[in-house]
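> Need the 3D shape of this:
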Amino acid sequence: MTSREIRIFLLVAVLFILAALLPVADSGYWLSIGVTIATYMVLSTSWALFSGPTHYISLATGAFYGIGMFIVGGGIDLLPYWVLVVIAGVVGAILAALIGLATLRLSGVYFVIFTLGLAEFVRQIVTWIQTTMGSSSGLYVLTDLNDTIIYWELLILGAFVYLAGWWINRSRLGFALRIIGNDEVVAVHSGINTAYSKVILFIFSGTIATIVGALLAPRLSYIESNIAFSPMLSFIVVITALLGGAQKLWGPIVGVIPFMLAWDFLTATFPNQTTLMLGICFLLVVYLIPNGFAGLIEKYAPQRRRGR
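Numbers count the residues shown, from 1 in each chain. Down below sits the predicted model:
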């Protein structure tokens, strides 16, 4: 590790420790915002580990997230909560492997379209199963878990994702993914198993999204398919990752915090135009900050050092 990498690593560690103290300072509004920020921090970071180096824009996050929620909702009366979280992770990994093997031969807009339709497809399947079984449109998830516990669970998961990303970026797998992102044809001719490399990271990303959905199920108390499989979640994950900079491990963390604070204000001010606001945010990020905050920092930090 270089001295710069060590400083970044220590800074992120300090931020995680300070973030863990939030429930001590506030148990109301700011804790609620903290849970939302922690949720998208985990989702965006795991998304960027796959999409950042490969440049494959996945909109399947909402599908895996919803599956995790419904696994907990459907089994909470039969199995302990933590067992259901583990089951959700295993199911997410299996589904991500199957989907990855079937779709990662696609690229560009075809991959984007498929992953966008995946959440809607899964939602329709879940709705059909519930209708066939004669159950209600939603599921109750009644537990003793509160926002404080869920927040700490998400922080622990976020720390794991960050450490896993740090290791992946320094491994042969991370090196292979960067070559694939630059030129997949060159990667193939270099002897890299491109399908294997992409599927492994897609499995990791899908598994984490499923676990996040499972962890957040008790917070909603009542789960409906329209909420669990909302495509808006997938778009917000993409926007926050791109805003921070998907090429850097710490980029999504930088992007999530300001975006979610601004998003909370926008949704409260314009409650009937959230989709329009989301589209505007996406366009602004893509056109004004294509490389995210991380790109701006990388661009201007050397200039400041030379100016000194």
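> Which of the residues in the host helix or strand of residue 204 are classified as buried?
Assigning secondary structure by DSSP states H and E places residue 204 in helix 194-220. Neighbour-count burial for helix 194-220, counted by 16 or more other CB atoms under 10 Å, picks out 194, 197-220. All C-beta atoms are positioned from the backbone trio N, CA, C, and that covers glycine.
> cool, and stretch 274-292?
278, 281, 282, 285, 289, 291, 292.
> Over to stretch 227-237?
228, 229, 230, 231, 233, 234, 235, 236, 237.
> Next: stretch 164-179.
Here stretch 164-179 shows 164, 165, 166, 168, 169, 173, 174, 176, 177, 179 as buried, counting by 16+ other CB under 10 Å.
> How far does the helix or strand harbouring the first one sit from its chain's centre?
Under the criterion DSSP H and E, the helix or strand holding residue 164 is helix 147-169. Here helix 147-169 shows a centroid-to-chain-centroid distance of 11 Å under the convention CA atoms, centre = their mean, to the nearest Å.
> Check which helices and strands that helix sits against.
Contacts defined by 3 or more CB pairs under 8 Å, 6 or more residues apart in numbering; DSSP states H and E place helix 147-169 against helix 3-20, helix 22-25, helix 29-54, helix 194-220.
> Around residue 88, how many other residues sit close by?
27 (other CB atoms under 10 Å).
> Please tell me how far it sits from residue 69.
Distance of residue 88 to residue 69, given as CB to CB, to the nearest Å: 9 Å.
> Could you name every residue contacting both of those two?
Common neighbours of residue 88 and residue 69, using CB atoms under 8 Å, 6 or more residues apart in numbering, are 213, 214.
> Run through the stretch 51-200 of the chain and note the low-pLDDT ranges.
Low-confidence segments of the stretch 51-200 of the chain (pLDDT under 70): 133-137.
> how about the strands in it?
Under the criterion DSSP state E, counting those that start in this stretch, the stretch 51-200 of the chain contains strands at 138-140.
> who are the neighbours in contact with residue 39?
When contacts are counted by CB under 8 Å, 6+ apart, residue 39 is found next to 154, 212, 216.
> Residue 138: which of those is nearest?
Taking CB to CB as the measure, residue 138 lies nearest residue 216 of these, at 15.0 Å.
> mind listing the helices in the stretch 201-308 of the chain by residue range?
Counting by DSSP state H, counting those that start in this stretch, the stretch 201-308 of the chain has helices at residues 225-228, 231-244, 251-269, 274-288, 292-307.
> Which residue is the nearest non-sequential neighbour of the residue at minimal distance from the centre of the chain?
For the chain, the residue sitting closest to the mean C-alpha position, by CA atoms, centre = their mean, is residue 43 at 1.6 Å. Closest residue in space to residue 43, ignoring its immediate chain neighbours: residue 237 at 4.8 Å, by CB to CB, 6 or more residues apart in numbering.
> Repeat that for residue 145.
residue 218 (4.3 Å).
> again, but for residue 252
Using CB to CB, 6+ apart, the closest residue to residue 252 is residue 44 (3.6 Å).
> I'd guessed the one you found sits against residue 235; true?
No: in this structure residue 44 lies outside contact range of residue 235 using CB atoms under 8 Å: 11.6 Å.
> The residue nearest to residue 177 when sequence neighbours are not counted - how many residues pack around it?
The spatial neighbour of residue 177 that comes closest, neighbours along the chain excluded (CB to CB, 6+ apart), is residue 53 at 3.9 Å. By the measure other CB under 10 Å, the count of residues near residue 53 is 25.
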